[in-house]
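> Structure for the following, please:
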Amino acid sequence: PSCMKPSAITVGTVTETTAQVSWTAGGSETEWEVSYTIGDQTTTLTTTENPYTITGLSASTHYVLPFSVKAICSATDESEVTSTELIINTVCGLAAVPFAENFDAYTSTTSQSSMVMPACWNRKYTGTSTSYGAGIYNSSSYAVSGTNSLRLYNTCSTSTSTSYGDVYAVLPQLDAAINELMISFDAKPSTTTSYNSFFEVGVITDVEATDYNSVFQPIGTAHIVPAGGQSFNILLSDYTGAEGNIAFRVMKTRPAGESRTGYYTHVYMDNLLVERIPTCFVPSSLTVSEVTDHTAAVNWADNYDQAAYAVEYMAEGDATWTSVSVDTTYALLNNLQASTNYTVRVKAVCGTGDESEYTDAIGFATKCIAGTDAEIAGTGSNQNYIPVGNYYNYSYTQQILTAEEINAVGTISSISFEYAYSSAMTSKNNVRIS
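Residues are numbered from 1 along each chain as shown. Purely as a prediction, here's the structure:
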């Protein structure tokens, strides 16, 4: 071709908010068209700069950016496009709050020696063994979302050998005072039920220190991860020490409350979020019970002693919510329509103009009015034939009611049906409903 395409795209100097990108020109051209995408924003422009500087990046962030470049040799002659993905880790400035990490942007393994850490995080194992430590673990079995989680792996030992120590995973330093923050994440234990699963949350006051045990300030007591996992929501408001970096620690000694007695300790963390402590907290553990044809009991949990709540519910197909105000973590919904699907949600009301976000809405179905029929198959031109035709004395089984439909109906006193056939049948009464 008369205009050769560029090659060898590389990343050069990276700062907190910029990254230099260079390439090898295909010939003597001095002008190029570059295109790259940050998030959902694509930039395409013509430049005479090589290296070219990408701006608008965020500090302490891992990027995988689609990038392409082509040579412009004249007004009518351009090269083919050369494309790649740029791996950019911006310099570790103060990370902005809210700070979120689900660990899925990284390529990692299940081998401790090959595991990576997120950009601008630190890790340390205070023993001399290379078998234990922290790192991104690539397995959907332990991730709550995606395929990656952060694993903290240790042995539970009372030995005084220097081979054993504590495991640390340290977040980037954030742009807010630690006692103004809360940290939320999902955690899972090992599938080996005898293995321990516990951790502490605290602050590393000097990430450059050689001995992390001397600069770790725990906040509260150790947390135990139960079988099946748990979502944690931990307030850091009790912290009174020097500013530093939020950190997790898995000790080599088993804390009070850990009843498992295995030799190893595994903690898998996912969907981490650090945010400012709200003035009004979202309720949790929303449930619906004691559903009748016209009523339903709604319960939820609140660990922060909030004074009032707004409960909203809506029938399927409606466009507006009905609201009920209560001052307990219980509400009885009245005057509901029978045989109807509803959704319900709750928010806390802490004062004038101070309300939490709503919980995720959950669904329930009211029961039929006692003594009435619940039509499952339909009638008239929309009727369904259940089960399908059966010939030659073959046995045939088909589900007529789902568990959800049975729960919605309540007590079933009888089930009736009609025969629909185009020719004479024998043994047509040989039908069993169970």
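> Which residue, other than its chain neighbours, is closest to residue 173?
Once flanking residues are discounted, residue 173 sits nearest to residue 245: 5.0 Å by Cβ to Cβ, 6 or more residues apart in numbering. Backbone N, C-alpha and C define where each C-beta goes, glycine included.
> now swap in residue 326 and tell me
That would be residue 309: by Cβ to Cβ, 6+ apart, it lies 5.5 Å from residue 326.
> ranges for the strands of the stretch 1-150 of the chain?
With DSSP state E, counting those that start in this stretch as the criterion, the stretch 1-150 of the chain has strands at 7-14, 19-24, 32-38, 41-47, 52-54, 62-74, 77-78, 82-89, 99-101, 122-125, 133-138, 148-155.
> what angle do the fourth one and strand 32-38 make?
Between strand 41-47 and strand 32-38, the angle formed by their directions is 160 degrees, by axes from the mean of the first three to the mean of the last three Cα atoms, to 10 degrees.
> And the residue nearest the centre of the chain?
residue 271 (4.3 Å; Cα atoms, centre = their mean).
> List phi and psi for it.
phi 50, psi 50 (degrees, to the nearest 10).
> which ones are touching it?
Listed by Cβ atoms under 8 Å, 6 or more residues apart in numbering, the contact set of residue 271 reads 102, 144, 145, 184, 185, 186.
> Isn't the first one up against residue 146?
Read it as residue 102. Yes - counting by Cβ atoms under 8 Å, residue 102 does reach residue 146; the two are 6.0 Å apart.
> intersection of neighbour lists for the two?
residue 270.
> between those two, who's got more neighbours?
For residue 102 and residue 146, the more surrounded residue by other Cβ atoms under 10 Å is residue 102, and the numbers stand at 19 against 14.
> need the contact list for the more buried one.
145, 146, 148, 270, 271, 272.
> Can you say which two of the residues you listed are spatially most distant?
Within the contacts of residue 102, two members stand farthest from each other by Cβ to Cβ: 146 and 272, at 12.6 Å.
> Please pick the buried ones from the contacts of residue 271.
Buried residues within those, counting neighbours by 16 or more other Cβ atoms under 10 Å: 102, 144, 185, 186.
> what's the closest of these to residue 251?
residue 185 (18.6 Å).
> The helix or strand hosting the closest one relative to strand 148-155, how many degrees between them?
Applying DSSP states H and E as the criterion places residue 185 in strand 181-188. Angle of strand 181-188 versus strand 148-155, following the same axes, to 10 degrees, is 80 degrees.
> now what about strand 181-188, what contacts it?
97, 142, 144, 149, 174, 197, 199, 201, 225, 228-237, 246, 267-278.
> Same check on stretch 20-30?
Contacts of stretch 20-30 (Cβ under 8 Å, 6+ apart): 3-14, 32, 34, 36, 48, 50-54, 67, 69, 71-73, 79, 82, 86.
> quick one: which of the strands of the stretch 1-150 of the chain is nearest residue 255?
strand 148-155 (12.3 Å).
> Report all helices and strands that the closest one contacts.
Strand 148-155 sits against strand 133-138, strand 167-170, strand 245-250, strand 264-276, with contacts defined as 3 or more Cβ pairs under 8 Å, 6 or more residues apart in numbering; DSSP states H and E.
> Just list the residues touching residue 5, thanks.
Here residue 5 is in contact with 26, 70, 71, 79, 80, 81, 82 (Cβ under 8 Å, 6+ apart).
> and of these, the nearest to residue 322?
Once Cβ to Cβ is applied, the member of these that ends up nearest residue 322 is residue 81, at 56.5 Å.
> Wait, that closest one touches residue 71, no?
No - contact between residue 81 and residue 71 fails when scored by Cβ under 8 Å: they sit 9.6 Å apart.
> Please identify which of those two sits among more neighbours.
Here residue 81 and residue 71 are compared on neighbour count by other Cβ under 10 Å; more neighbours surround residue 71, at 25 against 13.
> beta partners of the more buried one?
Beta-bridge partners for residue 71, by DSSP bridges, are residue 32.
> my guess is it contacts residue 46, does it?
No - judged on Cβ under 8 Å, residue 71 makes no contact with residue 46 at a distance of 11.1 Å.
> so what sits against both of these two?
Contacts common to residue 71 and residue 46, judged by Cβ under 8 Å, 6+ apart, are 31, 32.
> ok, residue 194 to residue 200 distance?
Using Cβ to Cβ, to the nearest Å, residue 194 is found at 21 Å from residue 200.
> Return the closest of the contacts of residue 271 with respect to residue 250.
Looking across these and measuring by Cβ to Cβ, the closest to residue 250 is residue 185, at 14.3 Å.
> what's the pLDDT at that closest one?
What the model reports as pLDDT for residue 185 is 97.
> Leaving out sequence neighbours, find the closest residue to it.
Nearest to residue 185 is residue 272, by Cβ to Cβ, 6+ apart, at 4.2 Å.
> Show me the beta-bridge partners of that neighbour.
residue 101.
> pretty sure it contacts residue 98?
No - using Cβ under 8 Å as the test, residue 272 is too far from residue 98 to be in contact (10.6 Å).
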